[in-house]
Each structure stands twice: as structure tokens, then as C-alpha cells.
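[1] sequence below, structure please.
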Amino acid sequence: MLFRSLDDGRVYTWGTNSIGQLGDGGRDAQLSPVQVAGLSGIVAVAAGNSHALALNAAGRVWAWGANASGQLGDGRYKASRVPVATPFVEVARIRAGGDQSAAISRRRALYLWGENGDGQLGLGTGVDAGVPVAALQGVVEAATADRFTLALGSDGLARGTGANETGSLGDGGSTARNTFGAVSTLSDAISVSAGGRSFSGAVTSSGATFMWGDNAAKQLGNTAITSGSTATPTAVPNFDAIP
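    Residues are numbered from 1 along each chain as shown. As a prediction, this is how the structure comes out:
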């Protein structure tokens, strides 16, 4: 569990800590909140499987926890029990999912790093990245899952890269990608989200909510979808999000 204090910008964590994912300098699990070492002035936090990110007001990103895939972004591939700085600034947003990390710069460039075995970094390879790498320009929002990534452009188009066997990239197919491709039929999205390993969502400027990907647990919110998955965005009926 990861929490940012609204009062002083400090970060507090609790739960399992076997890889140092609580950032308190130790490895003992914590049943109540403990302060992450050395952080203040934090404006946003994000958590992956066993690592976490924090963004301060100056646009600097800090990371701690597991790092076998390079998800801390410090180039060392070595876990850290305390926050370490990533080597760039001017970040506006951070995201973490699975064993990968993401940041959107104030100039709307999407940087990705960490695990890339399914092409989820969108760099055209399957090689992990231990430092942030620019993957896409003109990005206003991003969502990271265990094995894929979604990015929302300033043009309202959503794009995806990575694993796709359940149609989580929304491109109408089930073939994995290692570069970003457009989500079909969506042209006016204002937000995107990614769930676990296998499903995705978006909200459009009109407030309509669309879902796609795995539907084995009926997570797409549409009883008209009778199959186990769908590879194209499908509206959630009788439900409008706040645009």
C-alpha cells in the first residue's frame, strides 16, 4: 500500500516488504504506515508489483523496491530499500504497472522503462530498459498494466503496445506489438486505464465509457459481450463518466 500525505507531501507505506518495496530502508513487513525515507514535497505516487515511484514538485522522479527489470530507472538493475532518483526532470505525471514504469514530461513526451519482454515499452524490441527512454511524443495520459501500455495523445487518439492475446490493445486483433498502434474506433478519448494483465478502458469527451480486452469475469460491464474477450472498444451501457 502506498499513500501520499496531503499536508506535507511525505509518503507513507505499509504491507509486505521483502524487496524493500516500502522504501523505509528495511525488509520487515509493516502493519501500519511508515514514512518512506528522505522524501518530502511529493505531489504524486504510483505503485507496480513490487516497486513504487514518487514525483516531487520540481518534476523529479524517485523510485524504490524491486529492480530486476530496470523499473527503478537508475540503470543499476539492483533493488533499493530507499528511494533513488531517476536521471531526468520536468516530469508532469508518473505511472507504474507490473515491472515497468512510465513518466510524461511537461513537454508531453512519454518515457518508459523496466520490463519489456512483451514489447510493453513500445521501443520496437523486447529488451528491458534500465533508464527512461522516450517512446512517444504528444502524450497527455498513460496507463501501465502488467504486460502492456496505453498512451493517450493530445489528438484524442489512444494507442497501445505490448501483450494482446485477449485484445487488450483494442486494435481489433490479438497479436502482440512492440510499437504503439492505434486503438480502433476511438477518436475523442480524454482518459485511458489498464487493468491487471488483460483489459483496458477509456472515457470520451462526451462522458461515454468504453472497455475492451478480457471479459472472463465480466469486467467489461456489458452483458451483450458473451465471449471471453473483445478486441475492440465497446461502450458500457447506461453509464456515463464525468468528462
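
[2] what's the end-to-end length of stretch 208-225?
    End-to-end distance of stretch 208-225: 17 Å, with CA to CA, to the nearest Å as the criterion.

[3] neighbours of the nearest residue to S32 once chain neighbours are set aside, how many?
    For S32, ignoring the flanking residues on the chain, the nearest one in space by CB to CB, 6 or more residues apart in numbering is W14 at 5.9 Å. The C-beta positions use only the backbone N, C-alpha and C, and glycine is treated the same way. As a burial measure, W14 scores 16 neighbours (other CB atoms under 10 Å).

[4] where does W14 land on pLDDT?
    Here, the pLDDT recorded for W14 equals 94.

[5] same check on A224?
    For A224, the model assigns a pLDDT of 88.

[6] can you classify it by secondary structure?
    Following DSSP: H, G, I helix; E, B strand; the rest coil, we place A224 in the coil state.

[7] which SSE is immediately downstream of the helix or strand containing I104?
    Per DSSP states H and E: I104 is located in strand 100-105. Next in sequence after strand 100-105, counting helices and strands by DSSP H and E, comes strand 109-114.

[8] elements contacting that next one?
    If you count contacts as 3 or more CB pairs under 8 Å, 6 or more residues apart in numbering; DSSP states H and E, strand 109-114 packs onto strand 100-105, strand 129-137, strand 139-144.

[9] residues in contact with the residue nearest to R107 when sequence neighbours are not counted?
    Residue nearest to R107 in three dimensions, not counting chain neighbours: E90, with 7.2 Å by CB to CB, 6+ apart. Contacts for E90 (CB atoms under 8 Å, 6 or more residues apart in numbering) come out as 59, 105-107.

[10] can you name the residues that contact D28?
    D28 touches N17, counting by CB under 8 Å, 6+ apart.

[11] on that earlier part again, now the helices and strands packed on strand 109-114 as TSV including mean pLDDT, distance to G70 and mean neighbour count?
    Formatted as TSV, those follow (pLDDT from 0 to 100; distance: least, CB to CB, whole Å; neighbours: other CB atoms under 10 Å):
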stretch	mean pLDDT	distance to G70	mean neighbour count
strand 100-105	98	9	26
strand 129-137	97	3	18
strand 139-144	97	14	22
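
[12] nearest to F239, out of those?
    Relative to F239, the nearest member of these by CB to CB is strand 139-144, separated by 19.2 Å.

[13] quick one: that closest one to strand 129-137, angle?
    Here the directions of strand 139-144 and strand 129-137 differ by 140 degrees (axes from the mean of the first three to the mean of the last three CA atoms, to 10 degrees).
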